[in-house]
Each structure stands twice: as C-alpha cells, then as structure tokens.
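A.B. asks: prediction below, plus the sequence it came from.
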Amino acid sequence: MAVAGPELEDLFQAHRRGLLGSVRSVLGQRADAAELLQDAFLRCWRSWQRGDRPSDPVAWIFVVTWNVAVDARRRMTRHPQPTPIDEDQPMQARIETPGTALERQEEVQRAQAAVERLGDHEKQVFLLRVSAGLSFPAVAAALSIPEGTAKTRMRSALERLRRSLGAIPFAGPAAPRTQP
C-alpha cells in the first residue's frame with residue numbers, strides 16, 4: 001500500500017488518539033505528547049521523501065512514534081527536568097506579588113540602615129551574634145571582652161534597633177534570651 005505525502009498526514013490524523021496513547025504509555029501523562037507526535041510525523045515524512053516505502057504504513061507510523069517516545073524517555077533519564085509547577089495551584093501561592101516583594105525589600109533596607117547606624121562596638125556584637133550565630137561566650141572571646149560586656153552591647157544594640165525600626169515584623173529565629 002503506497003502512501004503519498006497528503007495521505008501520510010491523513011493517516012496520522014486518523015490514528016492520532018492511538019498514537020497519543022502510545023506516547024503516553026511510554027512517558028506517562030506528563031509528556032508533551034503532541035510535540036512528540038509532531039516529531040514522529042517529521043521523521044516519517046523525511047523517510048518517505050528519501051524513498052522509504054513501508055509495506056504497512058500504519059504499523060510503520062506506530063513504530064516510529066514509539067521509537068520517538070523511547071528516545072525522549074532516554075533523554076529525560078539522562079537530563080531530568082525540574083518538577084513542573086502544579087498548574088492548579090494559585091499563582092500568588094507560588095511567587096511573591098511585586099507589591100509584597102517591594103515591601104519586603106524596603107523593610108530589609110530599613111533594617112540594614114538601622115544596623116549601619118549602630119556604634120561600632122554594638123554593631124560588632126550584634127553581627128557576630130545574629131549573622132554569625134555565635135554564643136555570647138564565643139562573641140566575648142572573639143572580641144576579647146568580658147561576656148557581660150558582650151551582653152550589654154547586644155542589649156543596647158537591640159534597644160536602638162527597636163526604637164529605629166518600630167514595628168517591622170521579625171521573620172528570623174528568635175535570639176535566645178539571656179540574663180544580663
């Protein structure tokens with residue numbers, strides 16, 4: 001049975017559902033089956049243009065489509081793609097809105113400016129304690145000061161920051177409370 005160019009397209013259309021099922025049987029529902037089906041059609045078309053004439057064109061189309069799907073599965077195994085985002089999930093749950101991101105950025109800038117305004121001694125203790133996560137004994141040892149002095153400087157830094165920043169919600173971990 002000879003198949004001319006337009007007839008090849010008609011065969012693909014006539015067997016589209018079966019071909020899509022074939023692709024999904026290899027790759028599962030996550031596959032972009034329509035794209036792979038198009039790739040299979042192009043392979044068949046090019047082969048036909050080179051003069052290959054299958055005796056059973058329907059079986060040939062299915063075999064070519066199956067091979068395209070298997071090749072795609074191999075590529076996916078070698079180079080896995082990140083897990084796609086669930087399209088049913090609301091957009092605002094996936095990313096920050098521009099307004100929220102801008103507010104957060106402004107809060108961070110205000111906090112950075114407030115830390116910059118601290119005195120050098122307060123800033124050193126604050127940054128070692130908060131950014132580096134050091135304990136008060138470790139901060140005191142790093143700065144060669146008594147532990148009590150490190151605690152006093154931290155308390156002073158926190159008081160200045162509270163006055164300067166007002167009511168910015170703190171999203172980080174709570175610093176452990178210590179007795180002065």
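C.D. replies: Looks like it came in fine.
A.B. asks: which residues does the helix ranked longest in the chain contact?
C.D. replies: As assigned by DSSP state H, the longest helix anywhere in the chain is helix 57-78. For helix 57-78, the external contacting residues (CB atoms under 8 Å, 6 or more residues apart in numbering) are 1, 3, 8, 11-12, 15, 18-19, 22-23, 25-27, 31, 36-37, 39-40, 43-44, 47, 54. Bear in mind the C-beta positions are built from the backbone N, C-alpha and C, glycine included.
A.B. asks: the host helix or strand of Glu107 packs against which elements?
C.D. replies: Here Glu107, judged by DSSP states H and E, is contained in helix 98-116. For helix 98-116, the contact count by 3 or more CB pairs under 8 Å, 6 or more residues apart in numbering; DSSP states H and E identifies helix 120-130, helix 147-165 as packing neighbours.
A.B. asks: list the contacts of the closest residue to Met154 other than its chain neighbours.
C.D. replies: Closest residue to Met154 apart from its sequence neighbours, by CB to CB, 6 or more residues apart in numbering: Val125 at 5.0 Å. Neighbour list for Val125: 139, 143, 150, 153-154, 157 [criterion: CB under 8 Å, 6+ apart].
A.B. asks: which pair of those residues spans the longest distance?
C.D. replies: The distance between the two most remote of the contacts of Val125 (CB to CB) is 13.2 Å, for Leu143 and Ala157.
A.B. asks: who's more crowded, these two?
C.D. replies: Legend: neighbour count by other CB atoms under 10 Å for Leu143 and Ala157, higher for Ala157 (23 against 16).
A.B. asks: how close does the more buried one get to Ala141?
C.D. replies: 18 Å (CB to CB, to the nearest Å).
A.B. asks: cool, Trp66 as well?
C.D. replies: Where Ala141 is concerned, Trp66 sits at a distance of 68 Å (CB to CB).
A.B. asks: ok, Thr152 next?
C.D. replies: Thr152 sits 16 Å away from Ala141, taking CB to CB as the criterion.
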